[in-house]
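>>> Provided below are the primary sequence and the corresponding predicted coordinates.
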Amino acid sequence: MSDQIKVLVVDDSSLVRKIITDILESDPMIKVIGTANNGKTAIYRNKELNPDVITMDIEMPILDGLSALQEIIATNPKPVIMMSVLTQHGAEATFKALDLGAVDFIPKPSSVLSMTVDDIGELLISKVKSVYKSKILISKREEPRYSPEVNKPEQNIIFHEDMTSKKFKNPKIVGIGTSTGGPAALINVFKEFPDNFPSPVLIVQHMPEGFTRAFSERLNSYSALNVKEAEHNDLVKPGNAYLAPGHSHMYLEKRGGELRISLNKNEKRSGHRPSIDVLFDSIAEIGDGNSIGVIMTGMGKDGSEGILRIKKSGGHTIAQDENSSVVFGMNKVAVEINAIDEVVPLTEITKKIVENL
């Protein structure tokens, strides 16, 4: 097929290269046109073969995946999907790769993940298809604002004088949905939240199980908000943010007059668990118009129906624009079904959230 997606597979293990090749070529739309066993060879093969997509291991001899990624982005940029191990070091390296220009990642098979090899294979094929022809947007590297040793401003007790006007008396629920390109985009959004932000924020980022806790800690280090991986029955508090864990749907419930987070492992919705639609539906129902929905970069349509329900319930809806999105997919669908009040670039999203509280 002349219109097949051409992939370069990079891994120091010949067995892993064969497994990945077999997985990818089980789909007729994908053709593995070459392999490399280290970063140096990957750079050469990228120039020689000019693939559409690259899968890249992080830990390799001669030249590691991060160094190879930097050179590829600088000389012949391609959408790169990182193959990541579930360790603290692996998570840190993965998020650094996303900063450097990788568009997405998938986990390597591990005994601590509930995902099977088939699950990971299905995920890899879908990622290759979703990042094909995606934009490569490199984040401006910034130092985190907060380290674990630094106390953040106390939330939920005293708001600054400029935040005490009438419109902040009843803080709105904020829901954010992202997918491909989302991790770097979310850091841009969260680093702009003011110290005295009076609303709770709930996030669904399509991300494999095991990485969401590390990502919530990363978001927390950049933001004045207190960000955590959501747990079942968490009390939803103003000035706090809750990231859906990679294995469960997250939704809101009212119990005894309090707003609580519920998690379940029901069937995937819109092809995902966690699903943005599941979260947004609950916000539309419970928020009763006192809500803001934000849909950002990502492949597919998850979240588009849910954010339409938020709008119909009286909530305010915001979409990231095409130019600042790695993949203009979910947000595009939401715009096309008239679910969005404002379409803005990534740099304006936090400002628009604050303006509509």
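Looks like it arrived, so ask away.
>>> And the pLDDT for the residue nearest to the spatial centre of the chain?
Centroid-nearest residue in the chain: residue 182, 3.4 Å away (criterion: CA atoms, centre = their mean). Looking at residue 182, its pLDDT stands at 93.
>>> so it makes contact with residue 294?
No - here residue 182 lies out of contact with residue 294, judged by CB atoms under 8 Å, at a distance of 11.2 Å. For the C-beta atoms, the positions are set from N, CA and C on the backbone; glycine is no exception.
>>> about what we covered before: what's the closest non-adjacent residue to the residue nearest to the centre of the chain?
Of all residues not flanking residue 182 in the chain, residue 205 sits nearest, at 4.9 Å (CB to CB, 6 or more residues apart in numbering).
>>> How about the one you found: which residues does it bridge to?
Beta bridges link residue 205 to residue 178 when assigned by DSSP bridges.
>>> Count residues in the vicinity of it, would you?
24 (other CB atoms under 10 Å).
>>> likewise residue 123?
Going by other CB under 10 Å, the residues that sit close to residue 123 add up to 18.
>>> Any buried residues in the helix or strand where it lies, and which?
Assigned by DSSP states H and E, residue 123 falls within helix 117-131. By 16 or more other CB atoms under 10 Å, the buried positions in helix 117-131 come out as 119-121, 123-128, 130-131.
>>> again, but for stretch 48-66
51-58, 60, 64-66.
>>> What of stretch 26-35?
Buried residues in stretch 26-35 (16+ other CB under 10 Å): 27, 30-35.
>>> Residue 283: which of those residues is nearest?
For the buried residues of stretch 26-35, the closest approach to residue 283 (CB to CB) belongs to residue 27, at 35.3 Å.
>>> Find the nearest non-adjacent residue to the closest one, please.
residue 125 (5.1 Å).
>>> Would you confirm that residue 102 contacts residue 69?
Yes - the criterion here is CB under 8 Å, and residue 102 meets it with residue 69 at 5.9 Å.
>>> Give me the common contacts of the two.
56, 80, 82 (CB atoms under 8 Å, 6 or more residues apart in numbering).
>>> for residue 317, what are its contacts?
292-295, 307, 310-311, 334, 339-342.
>>> neighbouring contacts of the host helix or strand of residue 202?
Residue 202 is part of strand 201-205 when elements are defined by DSSP H and E. Strand 201-205 has contacts (CB under 8 Å, 6+ apart) with 173-179, 182-183, 186, 193, 212, 215, 225, 230, 236, 240-244, 250, 252, 261, 274-276, 278-279, 283, 303.
>>> Only alpha carbons, please: show the helix or strand following it as CSV.
Along the chain past strand 201-205, the next helix or strand (assigned with DSSP H and E) turns out to be helix 212-222. Extracted in CSV, the C-alpha atoms of helix 212-222 (Å, rounded to 0.1, in the frame of the first residue of the first chain):
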residue,chain,number,x,y,z
THR,A,212,-0.6,9.3,36.2
ARG,A,213,0.7,9.5,39.8
ALA,A,214,4.2,10.6,38.5
PHE,A,215,2.5,13.1,36.2
SER,A,216,0.3,14.5,38.9
GLU,A,217,3.4,15.1,41.0
ARG,A,218,5.0,16.8,38.0
LEU,A,219,2.0,19.1,37.5
ASN,A,220,2.0,19.8,41.2
SER,A,221,5.6,21.0,41.1
TYR,A,222,4.7,23.6,38.4
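>>> Could you shift the numbering so residue one becomes 392, and keep it that way?
Yep, numbering from 392; the last one is helix 603-613 now.
>>> Average pLDDT for helix 603-613, rounded please.
93.
>>> again with stretch 460-471
On average, stretch 460-471 scores 95.
>>> and if you look at stretch 709-725?
95.
>>> What residues sit buried inside it?
Buried residues in stretch 709-725 (16+ other CB under 10 Å): 709-712, 715-725.
>>> Give me the subset of those residues that lies in helices.
Among those, DSSP state H puts 721-725 in helices.
>>> Let me see the ranges of the helices in the protein.
Counting by DSSP H, the chain has helices at residues 405-416, 430-440, 456-466, 479-491, 508-522, 573-581, 603-613, 667-678, 695-703, 721-727, 740-746.
>>> isn't residue 576 right next to residue 686, touching?
No - contact status for residue 576 versus residue 686: not in contact, 11.4 Å apart, counting by CB under 8 Å.
>>> okay, these two: which has more neighbours?
residue 686 (31 against 25).
>>> Tell me the bridge partners for the more buried one.
Note on residue 686: beta-bridge partners by DSSP bridges are residue 568, residue 710.
>>> List the contacts of it.
567-569, 667, 694-695, 698, 708-711, 721-722, 725, 731.
>>> Could you find the closest non-adjacent residue to residue 448?
In space, residue 448 comes closest to residue 402 once its chain neighbours are excluded; the distance is 4.2 Å by CB to CB, 6+ apart.
>>> Next, count neighbours for that neighbour.
Per other CB under 10 Å, the neighbour tally for residue 402 reads 26.
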